[in-house]
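Enquirer: missing the sequence, but the structure's below:
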Ligand code: GLY
């Protein structure tokens with residue numbers, strides 16, 4: 001039994017769990033059909049599967065899961081384990097937080113992105129009409145499990161790059177030393193991801209979430225790169241060529257650091273470091289004028305906005321960010337052009 005499964009066994013025993021539901025997407029179910037075999041000998045386990053891909057972060061899939069929980073006669077003592085990437089953690093967390101007004105759950109993240117971000121901090125949700133995380137709750141998992149980095153070896157390159165976008169974000173908001181290590185990275189393969197990097201991101205996130213669990217202000221810094229990033233995701237989803245979340249965040253970090261340099265908040269040298277790192281690993285698309293306008297339109301729907309301006313995370317430099325920076329719409333468009 002590996003460390004992760006042993007820890008879960010311990011936690012479930014402590015809580016005297018009698019009914020376990022594992023939610024996974026079709027890809028993870030197929031790759032790891034026996035991962036929970038030892039555990040399910042002790043805890044009666046029901047496996048529920050959702051189609052792979054962000055499109056499953058939907059009301060339809062949430063309803064399917066609620067119906068399956070009902071059909072399996074799960075009561076409020078059921079324990080839900082979300083086994084997968086960001087989509088499964090977000091959707092499964094939402095289902096757990098709402099089924100019978102809330103049942104206990106934990107996440108077992110299998111992607112880099114989920115390990116360092118989605119599985120930590122208690123946010124969950126679904127998308128509505130291409131608006132990301134439009135409906136959701138704050139609900140903390142019962143406990144966090146140790147990350148099993150061996151999952152990364154079956155992760156498609158695109159997903160690893162996606163997780164790396166979030167990794168860069170954590171380095172920018174809270175760990176200049178980590179940023180330097182990432183700058184020295186020659187290639188990105190699963191073997192290059194250091195367990196200490198994952199731990200560092202999680203500890204940056206814990207610190208921030210501890211101070212602002214309900215995202216009232218300080219936690220907004222975790223949305224670095226996301227104002228542009230969510231808009232890019234929404235645009236590409238609408239165009240039928242979805243982009244991975246963390247890849248959109250990486251592009252968002254590039255545009256946001258450019259924007260901050262443009263308005264004199266961030267030293268050009270730091271903005272250039274971010275731009276160099278993003279360009280080294282990601283394709284930076286050229287947007288048409290129509291796309292730029294649609295991106296700005298999506299940005300106006302961002303949850304951080306309040307007064308007709310777009311609200312960004314203020315980046316003053318690598319490792320130096322604060323939550324709130326209002327920027328006029330025309331400037332937001334200018335840096336993409
Ligand atoms: N992923 C951003 C947050 O947890 O606040």
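Expert: Looks like it came in fine. Computed from a predicted model, the values in this text were never measured in an experiment.
Enquirer: quick one, what contacts residue 327?
Expert: For residue 327, the contacting residues are 259, 263, 309, 310, 311, 312, by Cβ atoms under 8 Å, 6 or more residues apart in numbering. C-beta here means a position set from N, CA and C on the backbone, and glycine is covered the same way.
Enquirer: surely the second one touches residue 332?
Expert: No - using Cβ atoms under 8 Å, residue 263 is not in contact with residue 332; the gap is 10.6 Å.
Enquirer: spell out which residues of the protein are next to the ligand.
Expert: Residues of the chain that fall close to the ligand, judged by Cβ under 6 Å from any ligand atom: 117, 121, 123, 215, 219, 222.
Enquirer: show me where this structure has its strands.
Expert: 20-25, 45-50, 79-84, 104-109, 126-128, 131-135, 310-317, 320-327 (DSSP state E).
Enquirer: save those strands as CSV, and put in mean pLDDT too.
Expert: Formatted as CSV, those follow (pLDDT from 0 to 100):
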stretch, mean pLDDT
strand 20-25, 98
strand 45-50, 98
strand 79-84, 98
strand 104-109, 98
strand 126-128, 93
strand 131-135, 86
strand 310-317, 92
strand 320-327, 91
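Enquirer: pick the most buried one from those strands.
Expert: For those, the stretch with the most neighbours on average is strand 79-84, a mean of 27; neighbours defined as mean count of other Cβ atoms under 10 Å.
Enquirer: and it with strand 45-50, angle?
Expert: Computed by axes from the mean of the first three to the mean of the last three Cα atoms, to 10 degrees, the angle separating strand 79-84 from strand 45-50 equals 40 degrees.
Enquirer: just how off-centre is strand 79-84 within its chain?
Expert: The chain centroid and the centroid of strand 79-84 are separated by 16 Å, computed with Cα atoms, centre = their mean, to the nearest Å.
Enquirer: look up which residues are beta-bridged to residue 107.
Expert: residue 82 (DSSP bridges).
Enquirer: sketch out the low-pLDDT regions of this structure for me.
Expert: Applying pLDDT under 70 to the chain picks out residues 302-308.
Enquirer: can you rerun that using 90?
Expert: Scanning the chain for pLDDT under 90 picks out 1, 54, 129-133, 186-187, 234, 237, 242, 298-311, 324-326, 328-330.
Enquirer: once you drop chain neighbours, what's closest to residue 189?
Expert: Excluding the flanking residues, the one nearest residue 189 by Cβ to Cβ, 6 or more residues apart in numbering is residue 160, at 7.7 Å.
Enquirer: next, count neighbours for the one you found.
Expert: As a burial measure, residue 160 scores 22 neighbours (other Cβ atoms under 10 Å).
Enquirer: for residue 18, same thing?
Expert: By other Cβ under 10 Å, 12 other residues sit near residue 18.
Enquirer: what of residue 1?
Expert: When counting by other Cβ under 10 Å, one arrives at 10 neighbours for residue 1.
Enquirer: about what we covered before: redo the strands of the chain as JSON lines? Include distance to residue 90.
Expert: Formatted as JSON lines, the strands of the chain follow (distance: least, Cβ to Cβ, whole Å):
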{"stretch": "strand 20-25", "distance to residue 90": "11"}
{"stretch": "strand 45-50", "distance to residue 90": "11"}
{"stretch": "strand 79-84", "distance to residue 90": "9"}
{"stretch": "strand 104-109", "distance to residue 90": "10"}
{"stretch": "strand 126-128", "distance to residue 90": "7"}
{"stretch": "strand 131-135", "distance to residue 90": "7"}
{"stretch": "strand 310-317", "distance to residue 90": "21"}
{"stretch": "strand 320-327", "distance to residue 90": "22"}
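Enquirer: of all the ones you listed, which one is nearest residue 283?
Expert: Proximity of the strands of the chain to residue 283 was assessed by Cβ to Cβ; the nearest stretch is strand 131-135, lying at 21.0 Å.
Enquirer: give me the contact list for that closest one.
Expert: For strand 131-135, contacts defined as Cβ under 8 Å, 6+ apart pick out 57, 59, 90, 94, 123, 125-128, 230, 233-234, 301, 303.
Enquirer: mind redoing it with 6 Å?
Expert: For strand 131-135, the surrounding residues in contact (Cβ atoms under 6 Å, 6 or more residues apart in numbering) are 125, 126, 128, 230, 301.
Enquirer: which pair of those residues spans the longest distance?
Expert: 126 and 301 (15.6 Å).
Enquirer: hey, where'd the helices end up in the stretch 101-250 of the chain?
Expert: Counting by DSSP state H, counting those that start in this stretch, the stretch 101-250 of the chain has these helices, from start to end: 112-113, 157-174, 176-183, 195-211, 226-238, 245-262.
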